[in-house]
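*Asks:* this is a predicted model, with the sequence first.
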Amino acid sequence: MHPISKLLTAWYKNNKRDLPWRHTTDPYKIWLSEVILQQTQVIQGLNYYLKFIENFPTVADLAKAPEDKVMSLWQGLGYYSRARNLHHASKEIYKNYKGVFPNTYNEIKALKGIGDYTAAAVSSFAFKLPYAVVDGNVYRVLARVFETDTPINSSEGKKEFQLLADELLNKNKPDIHNSAIMELGALVCKPQNPQCSICPINLHCLAFQNQTVLNFPVKTKKTKIRDRYFNYLVFNYKEQLFIKKRISKDIWQNLYEFYLIESDKEISTEELFLNEFLKKLKKKTIILSITKLPKHILSHQHIYSTFYELELNEAINLEGFVKVKKSDLHKYGTPQLIQKYLLKKK
């Protein structure tokens, strides 16, 4: 056993957080927790995990569930492709493995939406297979311990850090080792204000010795942010609203939204109502309110949104839209931006 691994596992035994997925070797539950916790903090993800387990106790239950229900339960977590891939993979398991979660690294990794990290996590935690996990916490720990300045978001960096993680791995207890190094990154070796003085491996950490901890890890420059301008038309007719599922390969795929007119810049109400569709509806609609929300920030996009609530004085047909009662809107998965608007209107 590598001396760093020995120190990590001893520290973990006394300092680990009590989390439900650490009390099971069920690969489905471990997989679910890992998918939820991608891009999500534990404090937020925990309730979603419990909610999913309550609604879908087994992978077969998830596979049989309607997509709209899955997306609705995921609502608010963001990065919705995670939910779509989760549902798709559960169907693969149900169809190809008769509902029994595969127990080899390669079979797990072949499932929709599962990459190196998740495959290693499920393999080690559920089946004690010797695969080292490398997530954001592990990147940070390794970069500081070995004072490695290769960018962690480069293809070269991914290979280099995987080799470092493999070198440290305790192959006899890969589940405990992987949990320990991730927990250290989450609780001690934090991005800001790391608690180096109480770190169990600080004597092995080059960055600590050289007082360069905050210089690591290194990342290449971020992708350019794209600005988008969304003008939503919230049509009301006899206590019903019109919503449509986003089916294109864009943000919020398979979630529901109101009638959208996207513009290439922020536009006035007068400019919006020059739209050919709205011109035809001019005599049928009354503007109830106009709500402009603060900038909605996504990973590589900033959304500037304005919601026009309109009352229809006669019925209309909107192709591809469904009419739902206002009281039933919560049954449909909607983007967080829509939820912010609805909350503001309460």
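*Replies:* Looks like it arrived, so ask away.
*Asks:* test my guess that Tyr94 contacts Asp61.
*Replies:* No: between Tyr94 and Asp61 there is no contact under C-beta atoms under 8 Å: 9.6 Å. In this view, the C-beta of every residue, glycine as well, is placed from N, C-alpha and C.
*Asks:* for the stretch 101-250 of the chain, what spans make up the helices?
*Replies:* According to DSSP state H, counting those that start in this stretch, the stretch 101-250 of the chain carries its helices in the segments 105-109, 116-127, 136-145, 155-168, 174-187, 206-209.
*Asks:* show me what the second one is packed up against.
*Replies:* The criterion is 3 or more C-beta pairs under 8 Å, 6 or more residues apart in numbering; DSSP states H and E, and the helices and strands that helix 116-127 contacts are helix 27-36, helix 105-109, helix 174-187.
*Asks:* and Asn313, how close does it get to Glu270?
*Replies:* As judged by C-beta to C-beta, to the nearest Å, Asn313 and Glu270 stand 21 Å apart.
*Asks:* show me which helix or strand of this structure is least confident by mean pLDDT.
*Replies:* Lowest mean confidence among the helices and strands of the chain (mean pLDDT, DSSP states H and E): helix 276-281, at a mean of 90.
*Asks:* grab the CA positions of that one and hand them over as CSV.
*Replies:* Output of helix 276-281 as CSV, limited to C-alpha atoms (Å, rounded to 0.1, in the frame of the first residue of the first chain):
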residue,chain,number,x,y,z
GLU,A,276,-45.6,38.2,-38.0
PHE,A,277,-47.2,35.6,-35.6
LEU,A,278,-48.0,38.3,-33.0
LYS,A,279,-49.4,40.7,-35.6
LYS,A,280,-52.0,38.1,-36.4
LEU,A,281,-52.9,37.7,-32.7
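*Asks:* what's next to it, contact-wise?
*Replies:* Contact with helix 276-281 is made by Leu233, Ile261, Leu272, Phe273, Thr285, Leu312, Ile316, as judged by C-beta atoms under 8 Å, 6 or more residues apart in numbering.
*Asks:* buried ones among those residues?
*Replies:* Listed as buried from the contacts of helix 276-281 are Leu233, Ile261, Leu272, Phe273, Thr285, Leu312; burial here means 16 or more other C-beta atoms under 10 Å.
*Asks:* tabulate those residues (JSON lines), appending pLDDT and distance to His88.
*Replies:* Compiled in JSON lines, the buried ones among the contacts of helix 276-281 are given as follows (pLDDT from 0 to 100; distance: C-beta to C-beta, whole Å):
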{"residue": "Leu233", "pLDDT": "97", "distance to His88": "32"}
{"residue": "Ile261", "pLDDT": "97", "distance to His88": "31"}
{"residue": "Leu272", "pLDDT": "95", "distance to His88": "37"}
{"residue": "Phe273", "pLDDT": "91", "distance to His88": "41"}
{"residue": "Thr285", "pLDDT": "92", "distance to His88": "40"}
{"residue": "Leu312", "pLDDT": "95", "distance to His88": "37"}
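*Asks:* show me those residues that map onto strands.
*Replies:* Among the buried ones among the contacts of helix 276-281, DSSP state E puts Leu233, Ile261, Thr285, Leu312 in strands.
*Asks:* what residues are bridge-paired with the third one?
*Replies:* Thr285 has the following beta-bridge partners by DSSP bridges: Leu312.
*Asks:* let's number from 20 now, not from 1
*Replies:* I'll keep to 20 as the first residue from here, and by that count the last item is Thr304.
*Asks:* burial count for the nearest residue to Val153 once chain neighbours are set aside?
*Replies:* Nearest residue to Val153 in three dimensions, chain neighbours excluded: Ala184, at 4.9 Å (C-beta to C-beta, 6 or more residues apart in numbering). Applying other C-beta atoms under 10 Å, we find 22 residues neighbouring Ala184.
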